[in-house]
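>>> Sequence and predicted structure, then a few things I'm wondering about:
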There are 2 protein chains.
Amino acid sequence: MADFQIHPQLLADCHRLGKFPFCHVLLHKNRMVPWFILVPQTDARDFLDLTEPSRGAVLSEAATLSHFVKTTLGWPKVNFAAIGNIVEQLHLHVVGRKPSDPCWPAPVWGNLTVSRDYSVPELRDIASQLTRWCGLKEDSQ
Amino acid sequence: MADFQIHPQLLADCHRLGKFPFCHVLLHKNRMVPWFILVPQTDARDFLDLTEPSRGAVLSEAATLSHFVKTTLGWPKVNFAAIGNIVEQLHLHVVGRKPSDPCWPAPVWGNLTVSRDYSVPELRDIASQLTRWCGLKEDSQ
């Protein structure tokens, strides 16, 4: 997988934060909800087609992000999904939710009409906390 | 968990097909897409809050359903999600998708405006195939 490339649509929609052992870690540019996207380094298309060890590795990293969203960012609920009907490259959504967010209780996809991007210091702060508490590494790709 | 009850909204939206070792298996009443819902026998609310063995057990059952959707029902793609913003009881969506389905490429939640229920023989056929090929048991609850 040395020639693995993140899909350009994901790179257009997201900030690239770094890498966990198995997945690249992106953050959706819309900061109205904390919306992380994990991109596992695999050519499988559907999450449930991964082998059991790969599924476990992805879930362990998703659970780390979910814990970060709940405990550090203070969002009480996390939605988790593998959809990929538009961008076919396998990617997993880990999205913090709360009853006062702009599209609660609808799912975020297609329903988050309010948009605001992160500032550079905000992004740096999130990446630095993920590095300190969750083992995020620089993405050497 | 002897007093575990499936949420009445899930029972209203779905047909109850049976049980895998860890999850109750429901089928959404709208047959425009094959939309299975797994309800793990747990009081956790978010999928990523489950312990690693419980996550593994749920995923193994979800992967079995996904394989069934692809190989037996012939749908090429499967969406997988744990949302639960409306029905708070933990439940997992395993949804067959294809480019000719009525809401492709949008996610099904809130976007599947065409609805048709299964006939009794269709339901019996799906349950019988899941029993034969995927180890579905009767739900004794």
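Noted; the coordinates are in hand. This one's a predicted model, so the numbers in the text were calculated from it and none came from an experiment.

>>> Show me what from chain A comes close to chain B.
Selection of chain A residues close to chain B by Cβ under 8 Å from any Cβ of the partner chain yields A:45-49, A:52, A:55-56, A:59-60, A:62-63, A:66-67, A:77-86, A:94, A:97, A:104-107, A:109-111. C-beta here means a position set from N, CA and C on the backbone, and glycine is covered the same way.

>>> Enumerate the positions of stretch A:38-53 that are buried.
By neighbour count on 16 or more other Cβ atoms under 10 Å in any protein chain shown, the buried set for stretch A:38-53 is A:38-42, A:46-50.

>>> Burial check on residue A:121, number of neighbours?
As a burial measure, residue A:121 scores 8 neighbours (other Cβ atoms under 10 Å in any protein chain shown).

>>> list the helices and strands the host helix or strand of it packs on?
Using DSSP states H and E, residue A:121 sits in helix A:120-134. Counting contacts by 3 or more Cβ pairs under 8 Å, 6 or more residues apart in numbering or on different chains; DSSP states H and E, helix A:120-134 is packed against strand A:14-19, strand A:23-28.

>>> what pairs with the last one, and is each one parallel or antiparallel?
On the basis of DSSP bridges, the sheet neighbours of strand A:23-28 come out as strand A:14-19 (antiparallel), strand A:35-40 (antiparallel).

>>> Now do that strand: distance to the chain's middle.
Mean C-alpha position of strand A:23-28 versus that of the full chain (Cα atoms, centre = their mean, to the nearest Å) differs by 4 Å.

>>> on that earlier part again, buried residues in the helix holding residue A:121?
Neighbour counts over helix A:120-134 (16+ other Cβ under 10 Å) mark A:123, A:126-127, A:130, A:134 as buried.

>>> With pLDDT and distance to residue A:72 as added columns, please give the buried residues of stretch A:38-53 in a markdown table.
Formatted as a markdown table, the buried residues of stretch A:38-53 follow (pLDDT from 0 to 100; distance: Cβ to Cβ, whole Å):
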| residue | pLDDT | distance to residue A:72 |
| --- | --- | --- |
| A:38 | 98 | 17 |
| A:39 | 98 | 22 |
| A:40 | 98 | 23 |
| A:41 | 95 | 25 |
| A:42 | 95 | 28 |
| A:46 | 97 | 30 |
| A:47 | 98 | 25 |
| A:48 | 98 | 29 |
| A:49 | 97 | 32 |
| A:50 | 97 | 27 |
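
>>> Which two among these are spaced furthest apart?
Using Cβ to Cβ, the two most remote members of the buried residues of stretch A:38-53 are A:41 and A:48, lying 17.7 Å apart.

>>> Would you mind finding the most buried of the helices and strands packed on helix A:120-134?
strand A:23-28 (a mean of 23; mean count of other Cβ atoms under 10 Å in any protein chain shown).

>>> Contacts for it, please.
For strand A:23-28, the surrounding residues in contact (Cβ atoms under 8 Å, 6 or more residues apart in numbering or on different chains) are A:6, A:10-11, A:13-19, A:34-41, A:58, A:61, A:65, A:91-92, A:118, A:123, A:126, A:130, A:136, A:139, A:141.

>>> residues near residue A:98, how many?
12.

>>> give the contact list for it.
When contacts are counted by Cβ under 8 Å, 6+ apart, residue A:98 touches A:75-77, A:104.
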